[in-house]
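Visitor: take this sequence and fold it.
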Amino acid sequence: FQVKSENKKTIWNTEEVPEGSEFDDTWDPREKPEYEIFFKQHVGTEDVFFGMTGKDLSTACCEDIVIKIKLPETKYSDITLDIQDKVLDLRTPRKKLLLHLPYPVNSKEGRARFLSDEETLEVTLRVSRKFDFINSS
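Guide: As a prediction, this is how the structure comes out:
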């Protein structure tokens with residue numbers, strides 16, 4: 001099996017390089033903050049009582065990804081957040097997080113809020129999926 005490339009000197013094709021790898025900086029001394037990923041789905045009575053929409057408890061039926069990032073001793077004004085389709089890039093003077101997301105998201109339809117009493121940044125991102133038999137709405 002041989003892959004043809006436009007340039008004979010290239011080592012691999014662009015399809016082989018994961019999205020967001022241009023953000024990787026192995027020499028950056030900032031530590032990685034603690035974070036948790038949650039999946040959220042919107043359910044109504046037709047889901048809970050009757051199971052009419054076919055949703056289940058799996059992440060395949062979730063509409064949103066919620067990421068909670070612990071940022072102790074950080075001010076809201078010090079946070080830089082960049083969201084791409086499959087990558088979350090967070091930087092502060094002391095912390096750096098490059099997170100490859102489990103599902104593609106709509107980077108334009110996200111929201112973030114800083115909970116100063118908990119020293120946590122909460123990022124909610126809408127999952128961008130193709131419609132199938134599970135995700136029909």
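
Visitor: residue 9 belongs to a strand?
Guide: No. Per DSSP: H, G, I helix; E, B strand; the rest coil, residue 9 lies outside any strand segment and is coil.

Visitor: now for residue 101, how many residues are close by?
Guide: If you count neighbours by other Cβ atoms under 10 Å, residue 101 ends up with 19. In short, each C-beta sits where N, CA and C put it, glycine included.

Visitor: longest strand of this structure, counting residues only.
Guide: strand 105-115 (DSSP state E).

Visitor: helices or strands up against it?
Guide: Applying 3 or more Cβ pairs under 8 Å, 6 or more residues apart in numbering; DSSP states H and E, we find strand 105-115 packed against strand 80-83, strand 120-127.

Visitor: for residue 119, what are its contacts?
Guide: With contact taken as Cβ atoms under 8 Å, 6 or more residues apart in numbering, residue 119 is in contact with 70-74.

Visitor: who wins on neighbours among those?
Guide: residue 71 (24 neighbours).

Visitor: you'd agree that residue is up against residue 96?
Guide: No. Applying Cβ atoms under 8 Å, one finds residue 71 not in contact with residue 96, separated by 11.1 Å.

Visitor: next, count neighbours for the closest residue to residue 62 other than its chain neighbours.
Guide: In space, and not counting its chain neighbours, residue 62 is closest to residue 39: 3.8 Å by Cβ to Cβ, 6 or more residues apart in numbering. Residue 39: 17 surrounding residues under other Cβ under 10 Å.
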